[in-house]
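S.K.: what follows is a protein structure lacking sequence information:
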């Protein structure tokens, strides 16, 4: 008995050598749709770091620089994963082939939790962006977030036609952000009143080390290109590698560039921790661009990008459950009901599962995205860690000691980040949920007769 394998390439012969405008448009649409999640993280990661620093602006740039540096490390690992698994699969494929199929369920469990948190935090951040623009909505934060959640979940019901829209939202947000940055650095602007001194209560180095793991929410979504390339069934392996690696490079340039630039601008304008009805990134934009149309455009595009990121997880998460459920002819790990689809090929019961789970965490956090950030960089870092350890083992087996050491050191850095976040207490819930889901999936897999092909379930979910 095997888990079903996707066959999206059958309808379209592989594209081996053709280049030109059509391929460029495909890459732009693919890349900017895939990076919607990590780009949207810019909306709350900088503020998360500042809150962890207790508002100490002087330490914000070193902290964010460390965050971006670790994002580079994680991206380098997924660069290797794309090379090794050009048909998709990410950390799950690496874990299954390095340590055996039972280890596949650890990164899968992490991704299930991560998708729920991505939906919850993105919806909450979108509500915060709307409230910053229209403060009168502050009293209805939770109802507003729940309405947005149902709206995005409802649109998912109609299938996967929003990929091009996600790409457009990402491009629009980047363009408006660049305009805000230019005005902030060269134009007249309002200076804030946040103190710029250091916190004398603890050493600066210790403050940075304890703060940067919280802002590692910026790294969520880095794994997406390594699995999303499974959608490109019309391309051969070499072209999929180029698409995957090109997307990772674009992700790094845009996310790293915007994050560093907005951080520097926050320092220049003295923008500290915001009031309850606003966000730091909103205060940066208002101070740089003034309260006119550009500020409104920034808030609108950031809200739409955050909703696009939530929608992307609303597609990827249920798609993963559908792949795990298998089909009537080839049963999988989860109950078949989670694989039932409507005429738009949407696994509607799986969408309902994610809708309810995200709704619960939004209400538990009172619609405050900064409350959820603490939990965010835990589950996905379990997946990062497993992928790095697997790649270190591959390098050691293939007698590439330099690469093995690089991957091992990167794994140590990721493990340190994970441990520091877990020491905050409540993020343990994310780890517990990850382990519980991974364990339950393993038990069901064993009871189902250990069907083969589970290592490829992420690639299959994307290809479907």
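M.R.: Great, that's in hand. Quick caveat: nothing in here was measured; it's all calculated off a predicted structure. Numbering: from 1, shown residues only.
S.K.: which residues touch residue 224?
M.R.: Counting by CB atoms under 8 Å, 6 or more residues apart in numbering, residue 224 makes contact with 34, 35, 37, 38, 316. C-beta coordinates here come from the backbone N, C-alpha and C atoms, glycine included.
S.K.: closest to residue 106 out of the residues you listed?
M.R.: Within these, proximity to residue 106 (CB to CB) peaks at residue 316, which comes in at 17.8 Å.
S.K.: now the nearest residue to the closest one once chain neighbours are set aside: how far from residue 320?
M.R.: Nearest residue to residue 316, sequence neighbours excluded (CB to CB, 6 or more residues apart in numbering): residue 115, at 6.0 Å. For residue 115, the distance to residue 320 equals 7 Å [CB to CB, to the nearest Å].
S.K.: any weak-confidence spans in the stretch 101-250 of the chain?
M.R.: Applying pLDDT under 70 to the stretch 101-250 of the chain flags residues 159-163, 188-202.
S.K.: now the strands for the stretch 201-350 of the chain?
M.R.: In the stretch 201-350 of the chain, no strands are found when defined by DSSP state E, counting those that start in this stretch.
S.K.: can you pull out the helices in it?
M.R.: For the stretch 201-350 of the chain, applying DSSP state H, counting those that start in this stretch gives helices covering 204-211, 224-228, 237-269, 280-289, 293-325, 348-364.
S.K.: residues touching the residue nearest the centre of the chain, list them.
M.R.: For the chain, the residue nearest the mean C-alpha position is residue 221 (2.6 Å; CA atoms, centre = their mean). Residues near residue 221 by CB under 8 Å, 6+ apart: 35, 36, 37, 38, 41, 118, 251, 309.
S.K.: now the residues you listed as TSV including distance to residue 448?
M.R.: Below are the contacts of residue 221 laid out as TSV (distance: CB to CB, whole Å):
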residue	distance to residue 448
35	35
36	34
37	31
38	34
41	36
118	28
251	36
309	33
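S.K.: any idea which of those residues is closest to residue 47?
M.R.: Nearest to residue 47 among those, counting by CB to CB, is residue 41 at 11.1 Å.
S.K.: any idea how far the closest one lies from residue 417?
M.R.: As for residue 41, its distance to residue 417 is 15 Å (criterion: CB to CB).
S.K.: residues contacting the closest residue to residue 232 other than its chain neighbours?
M.R.: Leaving aside its sequence neighbours, residue 232 sits nearest to residue 240 (CB to CB, 6+ apart; 5.1 Å). Residue 240 makes contact with 82, 86, 87, 88, 229, 232 under the criterion CB under 8 Å, 6+ apart.
S.K.: give me the pLDDT for the second one.
M.R.: Note on residue 86: pLDDT of 90.
S.K.: where's the closest residue to residue 408 other than its chain neighbours, which helix or strand?
M.R.: Closest residue to residue 408 apart from its sequence neighbours, by CB to CB, 6+ apart: residue 392 at 4.8 Å. Using DSSP states H and E, residue 392 sits in helix 369-397.
S.K.: which residues sit against the helix or strand just after that helix?
M.R.: Using DSSP H and E, the helix or strand that follows helix 369-397 in sequence is helix 401-422. Helix 401-422 has contacts (CB under 8 Å, 6+ apart) with 70, 73-74, 76-77, 80, 209-210, 212-214, 216, 374, 377-378, 381-382, 384-385, 388-389, 391-392, 395-396, 427-428, 431.
S.K.: and residue 275, how many neighbours?
M.R.: 10 (other CB atoms under 10 Å).
S.K.: from residue 415, how far off is it?
M.R.: 37 Å.
S.K.: same deal with residue 431?
M.R.: From residue 431 to residue 415 the distance is 12 Å (CB to CB).
S.K.: ditto for residue 372
M.R.: 22 Å.
S.K.: who's more crowded, those two?
M.R.: Higher neighbour count among residue 372 and residue 415: residue 372, with 25 against 16, using other CB under 10 Å.
S.K.: just the element for the residue nearest to that one when sequence neighbours are not counted, please.
M.R.: What sits nearest to residue 372 in space, not counting adjacent residues and going by CB to CB, 6+ apart, is residue 121, at 4.4 Å. Assigned by DSSP H and E, residue 121 falls within helix 105-133.
S.K.: quick one, that helix and helix 280-289 angle?
M.R.: 40 degrees (axes from the mean of the first three to the mean of the last three CA atoms, to 10 degrees).
S.K.: let me know the angle separating helix 105-133 from helix 348-364.
M.R.: Put simply, helix 105-133 runs at 60 degrees to helix 348-364, going by the same axes, to 10 degrees.
S.K.: moving C-terminal of helix 105-133, what's the next helix or strand?
M.R.: helix 141-156.
S.K.: elements contacting that following helix?
M.R.: Where contact means 3 or more CB pairs under 8 Å, 6 or more residues apart in numbering; DSSP states H and E, helix 141-156 is packed against helix 105-133, helix 293-325, helix 348-364.
S.K.: distance-wise, check residue 387 relative to residue 58.
M.R.: Distance, residue 387 to residue 58, by CB to CB: 35 Å.
S.K.: more neighbours: the two, which one.
M.R.: Higher neighbour count among residue 387 and residue 58: residue 387, with 29 against 15, using other CB under 10 Å.
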